[in-house]
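Colleague: whatever this is, show me its structure:
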Amino acid sequence: MLGQTSRSVCRAAGGAMRKLQVRSMATKVEDLKRTLIYDEHLKMGGSLVDFADYAMPVQYKDSPYAQSIIESTAQVRQKAGLFDVSHMCSLRWRGKDAIAFVESCTVLDIEGLPMGKGSLSLITNEEGGIIDDTMITKTSDDKGEHIYQVINAGCAPKDLAHFKAKLADFKGDVSMEVQWDDRGLFALQGPKAAAVLQKHVKEDLTKMGFGDAANMVVAGMPCFVARCGYTGEDGFEIFVPGKDAVKLWQLLCAESDVKPSGLGARDALRLEAGLCLYGHDIDGTTTPSEAGLTWTVSKARRESGARKFPGSEKILAQIANPKTEVKIARVGLVPKGAPAREGALIKTKEGETVGRITSGASSPTLKHNISQGYVNKPHNKAGTELFVEVRGKSNPAIVTKMPFVPTNYYKPA
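Modeller: Sure thing, here's the model as predicted:
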């Protein structure tokens with residue numbers, strides 16, 4: 001998951017266009033919210049921007065950790081990168097009716113989720129649109145079994161208001177615990193991530209598949225570790241108590257195979273993996289079927305008699321009858337010419353507008369342009385030749401299956 005923002009900034013570097021989702025720079029960085037390792041970002045040469053009201057690094061410069069966005073993307077593909085994702089909001093749902101409540105807001109079958117397992121899910125509205133994408137995990141701690149959830153930073157205020165309104169009408173035993181600026185949340189991503197983390201934990205990580213989560217002691221620090229991420233690579237998200245956040249960040253960054261990574265590489269990686277950016281590729285008007293996220297709607301939630309979720313009537317109708325009920329589809333495109341970025345129109349060779357680009361950049365890994373967007377059916381079929389309008393020119397673009405770069409999620413043998 002990558003948080004919602006309000007405008008796109010494109011910067012040229014090394015002959016490639018690097019697309020970054022940031023908010024207006026009218027606010028001074030010094031006035032923004034800070035994660036617990038803000039000072040570490042400064043020491044490491046972090047180039048900070050306003051991201052969902054937080055001062056967050058785009059990349060690192062003028063230090064031993066310096067890498068271009070292209071180099072940082074390659075670092076995660078080949079070794080490991082460490083991302084500060086503490087700006088995202090963590091929730092813990094407790095009480096005997098916690099599952100019933102969270103299922104009443106999302107499309108996941110939490111009842112059937114094994115203990116220690118997590119999955120990407122969607123918070124939906126009554127019209128079948130997506131309020132936010134979210135990670136949900138069934139876990140336990142010294143207070144007992146509960147649901148751990150992560151929501152996007154830019155969506156957190158509206159998500160929390162949405163949950164509070166739902167709680168006011170809910171008749172049951174459930175409480176929401178918000179853990180946000182008082183803890184660290186780091187994403188260690190890349191093929192070397194497991195080997196790096198294994199040095200500091202006693203658990204055998206070869207038995208931990210993508211989506212698994214557990215409480216672990218990492219180099220003497222109590223942490224909650226989930227094997228997940230939003231880069232398309234293997235990796236872990238590590239929840240660490242606030243008092244240990246700086247220590248853990250320093251420990252992992254000291255590893256020879258690890259470099260700190262910023263928002264620039266994270267956006268490039270998620271686009272190459274064909275993943276959605278909320279507020280751009282998905283929003284409150286997009287349904288799961290239109291977005292290619294039908295798989296997030298658990299089979300048990302589709303059955304007659306299953307617990308209802310907001311927008312379930314429309315969402316389930318689209319799943320049952322996609323040919324007649326779903327008119328548009330999210331697709332990958334490989335455009336020629338200048339990169340086709342958000343807002344670019346997608347047209348047929350006859351000039352008919354059939355869609356719009358929602359994300360696009362020059363891929364650091366593939367060395368060519370990639371984009372995703374929505375097109376009217378039947379123009380969503382792989383191999384279809386369309387055209388994108390960029391800077392007054394109509395450039396050819398081929399509809400392509402995603403991910404653009406194959407994913408490397410780990411599964412135990």
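Colleague: only C-alpha atoms for contact and neighbour calcs from this point on.
Modeller: Fine.
Colleague: how about the CA coordinates for stretch 227-246, as CSV?
Modeller: Once non-C-alpha atoms are left out, stretch 227-246 reads as follows in CSV (Å, rounded to 0.1, in the frame of the first residue of the first chain):
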residue,chain,number,x,y,z
ARG,A,227,6.2,-11.1,5.6
CYS,A,228,4.7,-8.7,3.2
GLY,A,229,5.3,-5.5,1.3
TYR,A,230,4.3,-3.4,-1.7
THR,A,231,7.3,-3.7,-4.0
GLY,A,232,6.7,-7.0,-5.7
GLU,A,233,9.7,-8.5,-4.0
ASP,A,234,10.0,-10.7,-0.9
GLY,A,235,10.3,-8.8,2.3
PHE,A,236,9.0,-7.9,5.8
GLU,A,237,7.2,-5.1,7.5
ILE,A,238,8.4,-4.7,11.1
PHE,A,239,6.4,-3.0,13.8
VAL,A,240,8.7,-1.8,16.6
PRO,A,241,7.9,0.0,19.8
GLY,A,242,8.8,3.7,19.8
LYS,A,243,11.7,3.4,22.2
ASP,A,244,13.5,1.0,19.9
ALA,A,245,12.7,2.6,16.5
VAL,A,246,16.0,4.4,16.0
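Colleague: could you give the average pLDDT over it?
Modeller: The pLDDT scores in stretch 227-246 average 98.
Colleague: again with stretch 281-288
Modeller: 98.
Colleague: residue 353 contacts residue 376, correct?
Modeller: No - between residue 353 and residue 376 there is no contact under Cα atoms under 8 Å: 9.1 Å.
Colleague: now the end-to-end length of stretch 398-412.
Modeller: 36 Å (Cα to Cα, to the nearest Å).
Colleague: try stretch 315-324
Modeller: Terminal residues of stretch 315-324 lie 13 Å apart, using Cα to Cα.
Colleague: identify each buried residue in that stretch, please.
Modeller: Using 16 or more other Cα atoms under 10 Å as the test for burial, stretch 315-324 gives 315, 316, 318, 319.
Colleague: just give the number of residues close to residue 142.
Modeller: Residues lying near residue 142 (other Cα atoms under 10 Å) number 5.
Colleague: residue 100 versus that one, what's the distance?
Modeller: 22 Å.
Colleague: and what of residue 34?
Modeller: Applying Cα to Cα to residue 34 and residue 100 gives a distance of 34 Å.
Colleague: same question for residue 323.
Modeller: Residue 323 is 32 Å from residue 100, where distance means Cα to Cα.
Colleague: check residue 130 too.
Modeller: 20 Å.
Colleague: quick one, which of the two is more surrounded?
Modeller: residue 130 (24 against 18).
Colleague: the more buried one touches residue 107, doesn't it?
Modeller: No - assessed by Cα under 8 Å, residue 130 is found out of contact with residue 107, at 10.5 Å.
Colleague: overlap in contacts, the two.
Modeller: Common neighbours of residue 130 and residue 107 (criterion: Cα atoms under 8 Å, 6 or more residues apart in numbering): 122, 123, 124.
Colleague: how many neighbours does residue 40 have?
Modeller: 14.
Colleague: actually residue 101, not the one I typed
Modeller: Residue 101 has 22 neighbouring residues, counting by other Cα under 10 Å.
Colleague: just residue 111 next, same as before
Modeller: Residue 111: 12 surrounding residues under other Cα under 10 Å.
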